[in-house]
Structures are given as structure tokens and as C-alpha cells.
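Student: Here you go, sequence then predicted model.
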Amino acid sequence: MGKPTGFLDYKRQENEAIEPLSRITNFNEFHPFLDEETRRKQGARCMNCGVPFCQSAIKLKNMVTGCPLHNLIPEWNDEIYNGNDKRALSRLLKTNPFPEFTGRVCPALCEKACLNGLDQDPVTIKENELYTIETAYSNNWMKAFIPSVRSDKKVAIIGSGPAGLALAHDLNRRGHAVTVFEKEDRIGGLLMYGIPNMKLEKKVIQRRLDILTKEGIVFKTNVNVGKDITKKELEKEYDAIIFATGSKKARDLNVKNRDCTGIYFAVDYLTKATKHVLDNTEEISAKYKHVVIVGGGDTGNDCVGTSIRQGCASVVQIEMMPKAPDERLESNPWPEWPKICKTDYGQEEAIAVFKKDPRIYETTVKECILDEKTHLIKQDIDIINVK
């Protein structure tokens, strides 16, 4: 522990965000990094407590707190503070194959379990992680690891999302020949098309895919297993087949006139939005439209941010549950997951543009009211269902 009093000497300081009215003009990431000196102070805030809750996930009242990957958080926080970034990287990669992804989009369960959070602000664990991996890339430390010994086993992985990529990474390092099949036109699954570009720029994914390809992993896109290639064909060529597919079957709205035009599932909406950003293909555009988003979670927030960037006329986000308290209740003590109201980036942008919070609580859809052409009664209204 480099600085025993670090958590007393330094306050939590996060990466700043570009102000909403500027960042909504594009789909770029909008959190510039702290300078090196400030980041090292943030590493010093780690207490290196005797039993660190941050690095081991536990379930309390059916909610998980702490890192499911068992990241060695106190170790690499200490290395950051002491300026040993390469050693911090080695400790980070020991448990996490893709910190450039988790450092951007993980909900930071580790921080919710940080002991500093008991009576002050937790350590900036997620941003420290991102600093470490981005420092590694900028210094050209991230090299392809090619196994010195190869087995004679061939493995097919169906699905190239986070699970499929992690499997491919680990199995390849054990010397097996790995082929990943993806039905979309790009590798990445949820990382590529489920998470908007402003949260995870796709060049970050491609940067890692380039390394995985150099390591010997074969990626095949536009292959729908079961249609383009049969089970028998896979079994004939591969020693093992692993299903790492996600579920794109959304929970639909069971309401009158649901089959009208103008209602979309979030996964379809976000996918088309990202494809438009990458390839200028046709999108489901919210431009000049009044948008209703059914669902109040992270995906709903992503839809808010996307619709604003597309130029919507207004946006409303419907939430079935009551508004969470602004501060932690005594019945929800540390280290439980804090059940407090979070205003995320999309809602911040809606407040900046439309001067009000887009969320309406304890509300749901009962019926879709149509015109004579089976459109929603106002043709400039689209509903995005994120349930």
C-alpha cells in the first residue's frame, strides 16, 4: 500500500464529461481522461483493506455487489499510485481479458462494494482500470500472444459477443484452434450492436480483434449456424462446439393494436443506429419525431441518448417502478447494491435539450391508438420497446 492515508488526502475525481449540448452533435465517446498525476492520486485512494469486498462478487438481497471477475483491484491500484503501469497491467490482465470493454461499459459493481463507500466516495476503480489498459495500448505493450505449443483440437464457437470472445481468447491461449461464427456482418455481438458508439467506440473493438486475429483465432461473419452451416458439418470438422449466443427475443408489449407500425424493439433500433454510424446504412430515425421509450433501465437510457443525437422532437421514458430515492436508505446499507436514483448520460442530455427529465414513473402502456392507416394516432410518434 503506497500511501496509507490516500483515501483521506485525496477526494474522488472522475473523468470529466463533455457538456451535453456539445456531445449530442456526434456519436463519439465523451469522457476525456484525467492527467497522469491526478490518476495516480486516485489509485492512492485505495485502502488495500484486509478483506476487500471490491474484488469478489457476493449476492445480498438478490443483488450482486463486488467484481464477478475477481479482479485484483487493490494490487493494480497500488501499482498505479507508484507509477508501475506495466505491472498494473499484468495484474489486471490476470483476471480480465478485455478491460478496455469493461472499463467503459461495466456497471462497476466493484465500486459499490468499495469500503470507502461506507462513509465517503468509493475509489474510481473502473476508470483506473481503463487508464491501465489504454496506457498499455498507447505504449504498445499489448502484443499478440501466440501459444508455443498447439494441441490438435479444433473448437467452434457460435456467437462473437463478450462470452464468445472471452472463450476464444482463453481456449486459443491453451493451444486449441478456435473458429468463431457470427451471423451479423461484424464481430462483437452486444459489444458491437447492442451498445451505442458513444459508450463504446467500435474502433476499440476492432483494435482488440486485430490482436485476437494475429493470435490465430479465425472469425467468420455472416454465417447463421443452423442455416448456412449444419450441425453435422460442424461436428465433422470440430472436436467441440460451444454455444455463446445471446438472446434477441425481446419481451413484447401485450396491448391492443401492438401490431401497428412505428413500434420497434430496442435491440433493432440500436443495431440500425450503429450500422448507420459505421456504414451510413438505413436507420430507424427519430428525427423530428416525438419518441416514447418503454423501459427505464440502461438500455432505455441508451435509446434516449440515441434518439436525441438523431434529432428527435421530444422524448419520454416510461418506467413501471416508482422513482428510487436520491440517497441510500438505512434499510439499504453498504455493501449492498445502492438502490438510488441515477440520472445517466441520456437523461442528462434530455434535460439539457428539453429542460425536463424524460422519465415518467409508475406508468405503462395500455393501448396503441391508431389512425385509419394503422399508424399510431400521431405519425410523428414512435415507441421503442426496451422490455
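Tutor: Great, that's in hand.

Student: separation between the most centrally placed residue in the chain and Glu129?
Tutor: For the chain, the residue nearest the mean C-alpha position is Val105 (3.1 Å; Cα atoms, centre = their mean). Using Cβ to Cβ, to the nearest Å, Val105 is found at 12 Å from Glu129. Heads up, the C-betas are built off the backbone N, CA and C, glycines and all.

Student: and what of Glu319?
Tutor: The spacing between Glu319 and Glu129, counted by Cβ to Cβ, is 30 Å.

Student: and if you look at Ser247?
Tutor: Distance of Ser247 to Glu129, computed by Cβ to Cβ: 28 Å.

Student: Who has more neighbours out of these two?
Tutor: When Ser247 and Glu129 are compared for neighbours, Glu129 comes out ahead with 27 against 6, by other Cβ atoms under 10 Å.

Student: And for the host helix or strand of that one, what's in contact with it?
Tutor: For Glu129, the host element (DSSP states H and E) is helix 125-138. Helix 125-138 is contacted by residues 14-15, 33-34, 39, 42-43, 46, 54, 71, 73, 76-77, 80, 85-86, 88-89, 92, 96, 99-100, 102-104, 106, 108, 110-111, 114, 141-142, 207 when judged by Cβ atoms under 8 Å, 6 or more residues apart in numbering.

Student: List buried residues within these.
Tutor: Among the contacts of helix 125-138, those classed as buried by 16 or more other Cβ atoms under 10 Å are 15, 34, 39, 42-43, 46, 54, 71, 73, 76-77, 80, 85, 88-89, 92, 96, 99-100, 102-104, 106, 108, 110-111, 114, 142.

Student: Helices - which of those land there?
Tutor: When DSSP state H is applied, those are split such that 39, 42-43, 73, 76-77, 80, 85, 88-89, 92, 99-100, 102-104, 110-111 fall in helices.

Student: if we can go back for a sec, for the helix holding Glu129, which positions count as buried?
Tutor: Within helix 125-138, the residues scored as buried using 16+ other Cβ under 10 Å are Ile125, Lys126, Glu127, Asn128, Glu129, Leu130, Tyr131, Thr132, Ile133, Glu134, Thr135, Ala136.

Student: Likewise for stretch 35-48?
Tutor: Within stretch 35-48, the residues that qualify as buried are Arg39, Arg40, Lys41, Gln42, Gly43, Ala44, Arg45, Cys46, Met47, Asn48, counting by 16+ other Cβ under 10 Å.

Student: Run a quick neighbour tally on the closest residue to Phe98 other than its chain neighbours.
Tutor: Spatial nearest neighbour of Phe98, excluding adjacent residues (Cβ to Cβ, 6 or more residues apart in numbering): Arg208 at 6.5 Å. Arg208 has 21 neighbouring residues, counting by other Cβ under 10 Å.

Student: Equivalent analysis for Ser331, please.
Tutor: Counted with other Cβ under 10 Å, the neighbours of Ser331 add up to 8.

Student: element containing it?
Tutor: If you go by DSSP H and E, Ser331 is not part of any helix or strand.

Student: Tell me, what's the model's pLDDT at it?
Tutor: Looking at Ser331, its pLDDT reads 95.

Student: show me what contacts it?
Tutor: Listed by Cβ under 8 Å, 6+ apart, Ser331 has no contact partners.

Student: heads up, I number from 139, so please use that
Tutor: Yep, numbering from 139; the last one is Ser469 now.

Student: Please report how far Ala315 lies from Asp377.
Tutor: Separation of Ala315 from Asp377 (Cβ to Cβ): 9 Å.

Student: what residues do the two have in common as contacts?
Tutor: Joint contacts of Ala315 and Asp377 (Cβ under 8 Å, 6+ apart) are Lys291, Lys292, Val293.

Student: what helix or strand is Asp259 on?
Tutor: Asp259 belongs to no helix or strand, assigned by DSSP H and E.

Student: The protein: helices as residue ranges?
Tutor: Residue ranges of the helices in the chain, as given by DSSP H, are 144-147, 158-161, 174-182, 211-219, 223-231, 237-243, 247-251, 263-276, 300-311, 340-352, 369-375, 404-417, 436-447, 483-492.

Student: Make a markdown table out of those and add distance to Phe381.
Tutor: Below are the helices of the chain laid out as a markdown table (distance: least, Cβ to Cβ, whole Å):
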| stretch | distance to Phe381 |
| --- | --- |
| helix 144-147 | 44 |
| helix 158-161 | 38 |
| helix 174-182 | 39 |
| helix 211-219 | 31 |
| helix 223-231 | 26 |
| helix 237-243 | 21 |
| helix 247-251 | 26 |
| helix 263-276 | 28 |
| helix 300-311 | 9 |
| helix 340-352 | 19 |
| helix 369-375 | 11 |
| helix 404-417 | 19 |
| helix 436-447 | 23 |
| helix 483-492 | 32 |
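
Student: which stretch among the ones you listed comes nearest Asp257?
Tutor: For Asp257, the closest of the helices of the chain is helix 144-147, at 10.1 Å, according to Cβ to Cβ.

Student: buried ones in that closest one?
Tutor: Buried residues in helix 144-147, defined by neighbour count with 16+ other Cβ under 10 Å: Gly144, Phe145.

Student: before we move on, what about stretch 201-210?
Tutor: By 16+ other Cβ under 10 Å, the buried positions in stretch 201-210 come out as Thr203, Gly204, Cys205, Leu207, Asn209, Leu210.

Student: State the distance spanning the first to the last residue of that stretch.
Tutor: Between the start and the finish of stretch 201-210 there is a gap of 22 Å, counting by Cα to Cα, to the nearest Å.

Student: Quick check: mean pLDDT of it?
Tutor: Per-residue scores along stretch 201-210 average to 96.

Student: what's the spacing between Thr444 and Asp495?
Tutor: As for Thr444, its distance to Asp495 is 18 Å (criterion: Cβ to Cβ).

Student: just checking, Phe236 touches Ala304?
Tutor: Yes: the criterion here is Cβ atoms under 8 Å, and Phe236 meets it with Ala304 at 7.0 Å.
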